[in-house]
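Peer 1: Fold the following.
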Amino acid sequence: MKKILLFLALVSSTNYLKAQNKNIDSLSQSIKLKSEAIGHGGNNEIKINLFYSILALPEITYERIIEDNMGVGLSVAIGATNENVFGSKINYVITPHYRIYFGNKKANGFFIEGNAGIISHKEFDYTSLAYTSYPAGYDITLPERNYTDFGLGAAAGAKFLTRNGFLGEAYLGVGRVFGSKNQSLEAYPRFGLTIGKRF
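Peer 2: Purely as a prediction, here's the structure:
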């Protein structure tokens, strides 16, 4: 009789443990699915470039995920200082870009980027000195002219996502300016350390 009771107790505890394991598995699967949906389910991202902000050229970026491994975006940086940044006084930089991602998750991991740059900057106008003579000791204030240049470039970097949709990325690249009228701006950098949110 004792053997039968012991056998029944063993069978019922085994069934109880199997049910508990099944519940734990379904709970962990549910948590995993929810975390993936929150962190990686959105197709829109807003980001701030911390590195450019330190250089007094705050940049904000919007990116739209068009496939699991592709995205298009637009970065806008505004010059917040009258000092030279990247060798020029920058008014604004608009950078549309296209990215291809190589990570296992949606728009995550290592990426390469092709971009275009529209750069508005100020330069001193030295042409006003060409036909003008000033007396010795005269303080000359040169006027500044605005220039807008266009360029194409490439970058590479990596994006990292948290389970709740926050992200960070680091990238580095350069672009070539074409048709610069004053030849002072021949290239533009494309680098950043950004934080943002996917939604």
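
Peer 1: Read off the pLDDT value for Arg195.
Peer 2: One correction, residue 195 is Ile, not Arg. Ile195 is assigned a pLDDT of 96 by the prediction.

Peer 1: where does the protein have low pLDDT?
Peer 2: Scanning the chain for pLDDT under 70 picks out 1-3, 5-28, 30-40, 84-87, 124-143, 180-184.

Peer 1: Where do the helices of it begin and end?
Peer 2: In the chain, the segments counted as helices under DSSP state H are 2-40, 50-54.

Peer 1: the longest strand in this protein is where?
Peer 2: Longest strand in the chain, counting residues (DSSP state E): strand 144-161.

Peer 1: Can you name every helix or strand that that strand contacts?
Peer 2: Under the contact definition 3 or more C-beta pairs under 8 Å, 6 or more residues apart in numbering; DSSP states H and E, strand 144-161 sits against strand 89-101, strand 109-124, strand 166-178, strand 187-198. For every residue, glycine as well, the C-beta is placed using N, CA and C.

Peer 1: what angle sits between that strand and strand 89-101?
Peer 2: 30 degrees (axes from the mean of the first three to the mean of the last three C-alpha atoms, to 10 degrees).

Peer 1: picking that back up, so can I have a markdown table of the helices and strands packed on strand 144-161 showing mean neighbour count and distance to Thr61?
Peer 2: A markdown table is the format used below for the helices and strands packed on strand 144-161 (neighbours: other C-beta atoms under 10 Å; distance: least, C-beta to C-beta, whole Å):
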| stretch | mean neighbour count | distance to Thr61 |
| --- | --- | --- |
| strand 89-101 | 19 | 8 |
| strand 109-124 | 18 | 11 |
| strand 166-178 | 16 | 9 |
| strand 187-198 | 19 | 7 |
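
Peer 1: Turn these into a markdown table, columns for distance to Glu67.
Peer 2: Putting the helices and strands packed on strand 144-161 into a markdown table (distance: least, C-beta to C-beta, whole Å) gives the following:
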| stretch | distance to Glu67 |
| --- | --- |
| strand 89-101 | 9 |
| strand 109-124 | 13 |
| strand 166-178 | 17 |
| strand 187-198 | 15 |
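
Peer 1: so which of these gets nearest Ile60?
Peer 2: Closest of the helices and strands packed on strand 144-161 to Ile60 is strand 187-198, at 9.1 Å (criterion: C-beta to C-beta).

Peer 1: Sheet-wise, list the partners of that closest one with their directions.
Peer 2: Strand pairing for strand 187-198, using DSSP bridges, gives strand 44-49 (antiparallel), strand 166-178 (antiparallel).

Peer 1: the inter-axis angle of that strand versus strand 109-124?
Peer 2: Using the same axes, to 10 degrees: strand 187-198 against strand 109-124 is 130 degrees.

Peer 1: hmm, who's touching strand 187-198?
Peer 2: Strand 187-198 is contacted from outside by 39-40, 42, 44-52, 59, 61, 86, 93, 95, 113, 115, 117, 119, 151, 153-155, 157, 161, 165-177, using C-beta atoms under 8 Å, 6 or more residues apart in numbering.

Peer 1: Just the CA trace of it, in CSV.
Peer 2: What follows is strand 187-198 as a C-alpha-only set of coordinates in CSV (Å, rounded to 0.1, in the frame of the first residue of the first chain):
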residue,chain,number,x,y,z
ALA,A,187,34.9,67.9,-48.0
TYR,A,188,32.4,67.4,-45.1
PRO,A,189,32.7,65.0,-42.2
ARG,A,190,29.9,62.5,-41.4
PHE,A,191,30.4,61.2,-37.9
GLY,A,192,28.3,60.9,-34.8
LEU,A,193,27.5,59.4,-31.5
THR,A,194,23.7,59.5,-31.3
ILE,A,195,20.9,58.5,-28.9
GLY,A,196,17.3,58.2,-29.8
LYS,A,197,14.0,56.3,-29.7
ARG,A,198,12.3,53.9,-32.1
